[in-house]
Each structure stands twice: as structure tokens, then as C-alpha cells.
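Undergrad: what follows is a predicted structure for the sequence shown.
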Amino acid sequence: MRHALGYATTVVAALCWGASGVSADYLMEHHGIELSLISFFRMFTAGILTLGFALARARRVTPQHRALVSSARNWRTLVVYALFGLAACQISYMEVIRASNAGTGTVLQYLGLILIVVWVCLSHRRWPRASEAIAILLALTGTFLLSTHGSLDTLTLTPTTLAWGAIAALTLATYTLLPARLIAAYGAELVVGYGLLIAGAGVGLAGRVWRYSITWTPDVIVAMTVTVVLGTAVAFTAYLWGVDRIGPVRASLVGSLEPIAATGLSALVMGTSYTVIDLVGILLIVGAVVSISVVDLIRARRAGQ
């Protein structure tokens, strides 16, 4: 029962993340809402909800919480993580969605997981293992098909889309690697909660979001709720529950459903059309991510024997 609940909550997290990108795409395309305003609402509100959840669950400010906020070194790391990890990842992700669509944007961003593999190989001064080399090859082939449809003479994705996609992938890797020390010491909820607050405030100030207004029609309220509440606070909390019940490796494997969910919802809600070659490219990139997770799962099982 514990494992079944873990898998279910992780699937919910992946679906919520996928829906979040589609909702943001809807808000920008159909209502012209500035992406910095969406990002501010999403991160700042989610930061409040995440920290509120952590405090409500602990029913007090824990010693771990006090230790996190009482160290100047921790605050420096939090600010770097928030601005160059969370905020940069969020803005670049929104930009690639605006330049293309939610499905393509999510898939291109997921290439960041391949960059993490490359970084690990470089930092440990080793060649990629066979499984890692296969994943890199799958990801590169998928990106090539998605951006050119197999012809070097054509470019089906605009240079702007590819540029923002590359930045989104890089910032996803940065966002994943930067807080590793803090998360290991203080837990993901507190670190990400404070990171989201700082990132949201930074985006709000830099984007001067007070200049913009939102007409709160029913569909805008629904889309903003999906983007802010479901796509960030609920998704993150559900993913943490999943990690707690089935472990990080299995959770990351199930989390690979996100780009598939974003692609499907983008076609269903936004009417985005994909060619067969597009779908093959998307599946190759998702397959690269899944293959890494499967290999990690096998290694984890062997280590536990």
C-alpha cells in the first residue's frame, strides 16, 4: 500500500508539472499576461505554500529550520540557488514555451538531465558508461529530429526556441546541482521553499511586475491556479511524498512522465499539432531520461542486496 501510494503521488506530481506549463502557455498566448508576472506569482506563492506546509507538518520551527536560517553562508547559497537556479530555470522555461509550445519546451528543458550526466563524468574525470553514452546519443538524436525533422537543410524549430531551450536545459542542471549540500543537510522542503520566495521576489523586482495588471476572468483564475498551486506547490509536495515512499530513483523514473503529459495536454488544450517525426524525437529524449533512471534503479537494487 505504501509503494502504491508513492507511485500514485509521483504520477500526480508529473501530471501537475505538465499541466503547469500548458496553463502558463495559455495565459501568455490567450491573455497576453507577461511571463515575469506569471513567474512571480508562481514562485512567490509556491514558496509561501511550501514553507507553510513544512511548518504545519512540523507544528513548530524545528532546530533544522533554525540552523538553516541562522547561517550567513546558507543564505548566500540560497540566494545563488534562487537567482541562478530557480529564477533562471523558470524564466528560460517560460521563454522557450512562448517561443514554441509547452510540450516542446518541457522536452527541451529535460535535456538538462543529460547535461548533469555529462557534468558528473567531467567532475569525476571518467568516460561515460555504456548506458550514459546511449542516453546521450538518444537525447542528441531526438533533439536533431525535433529541430530539423531529419534534414540538415531545414530548421523546424526557430533559433530563438533552440537558444532558450539550451538555456532552459542548462539552468535545469544548475537548479538541480546547486542546492545539493543544503538539501542534504536541511531537507528539500525548507531549501526549495526559501529558494522559491527569494526567486519570486527577485523576478518581481527585476521585472517590475507592479506595472502589469491581470483581468481575472474565470479561465484566468483556473489557469493561474493550475500554474501556481497545482503546478508548483502540490506537484512538489506530491513528489516529496513519492520520494519518501518509493525512493528518489523510482520517483525520478515516474517523474519522466512530465514531458509526455505536457505534450499530450498541449495538443489537447492548446491544439498544438505534432508530426510523426516530432513525436519520435520527443520519445527519444524521454527515452534517454528514462534509461538513466532505469540503470540507477538497477544499481540501487544491487547495492541493497
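TA: Nice, thanks for sending it over.

Undergrad: low-confidence regions, the stretch 201-305 of the chain specifically.
TA: Applying pLDDT under 70 to the stretch 201-305 of the chain flags residues 240, 243-244, 247-254, 292-305.

Undergrad: please, where are all the helices along the stretch 101-250 of the chain?
TA: For the stretch 101-250 of the chain, applying DSSP state H, counting those that start in this stretch gives helices covering 102-109, 112-123, 130-148, 159-177, 180-186, 188-206, 218-225, 235-246, 248-255.

Undergrad: out of these, which is closest to residue 21?
TA: Among the helices of the stretch 101-250 of the chain, the nearest to residue 21 by Cβ to Cβ is helix 102-109 (3.9 Å). Bear in mind the C-beta positions are built from the backbone N, C-alpha and C, glycine included.

Undergrad: what sits against the residue positioned nearest the centre of the chain?
TA: The centroid of the chain falls nearest to residue 172 when counting by Cα atoms, centre = their mean (6.8 Å). Listed by Cβ atoms under 8 Å, 6 or more residues apart in numbering, the contact set of residue 172 reads 89, 93, 109, 110, 111, 112, 113, 115.

Undergrad: what is the neighbour count of the closest residue in space to it that isn't next to it in sequence?
TA: Of all residues not flanking residue 172 in the chain, residue 112 sits nearest, at 3.0 Å (Cβ to Cβ, 6 or more residues apart in numbering). Residues lying near residue 112 (other Cβ atoms under 10 Å) number 23.

Undergrad: quick check, residue 112 in contact with residue 171.
TA: Yes: using Cβ atoms under 8 Å, residue 112 is in contact with residue 171, at 7.2 Å.

Undergrad: residue ranges with poor pLDDT in the stretch 51-200 of the chain?
TA: 152-155.

Undergrad: sorry, back to before: residue 147: which of the contacts of residue 172 is nearest?
TA: Once Cβ to Cβ is applied, the member of the contacts of residue 172 that ends up nearest residue 147 is residue 111, at 11.4 Å.

Undergrad: so what's that closest one closest to, chain neighbours aside?
TA: Nearest to residue 111 is residue 169, by Cβ to Cβ, 6+ apart, at 4.0 Å.

Undergrad: and that neighbour, how many neighbours?
TA: By the criterion of other Cβ under 10 Å, residue 169 has 26 neighbours.

Undergrad: find the nearest non-adjacent residue to residue 239, please.
TA: Here the residue nearest residue 239, using Cβ to Cβ, 6+ apart, is residue 13, at 3.8 Å.

Undergrad: can you give me how far the strand or helix carrying the one you found is from the chain middle?
TA: In this structure, residue 13 is located in helix 2-31 according to DSSP states H and E. Computed by Cα atoms, centre = their mean, to the nearest Å, the separation of helix 2-31 from the middle of its chain amounts to 10 Å.

Undergrad: so what does it touch, helix or strand wise?
TA: helix 35-58, helix 88-99, helix 102-109, helix 218-225, helix 235-246, helix 248-255, helix 257-270 (3 or more Cβ pairs under 8 Å, 6 or more residues apart in numbering; DSSP states H and E).
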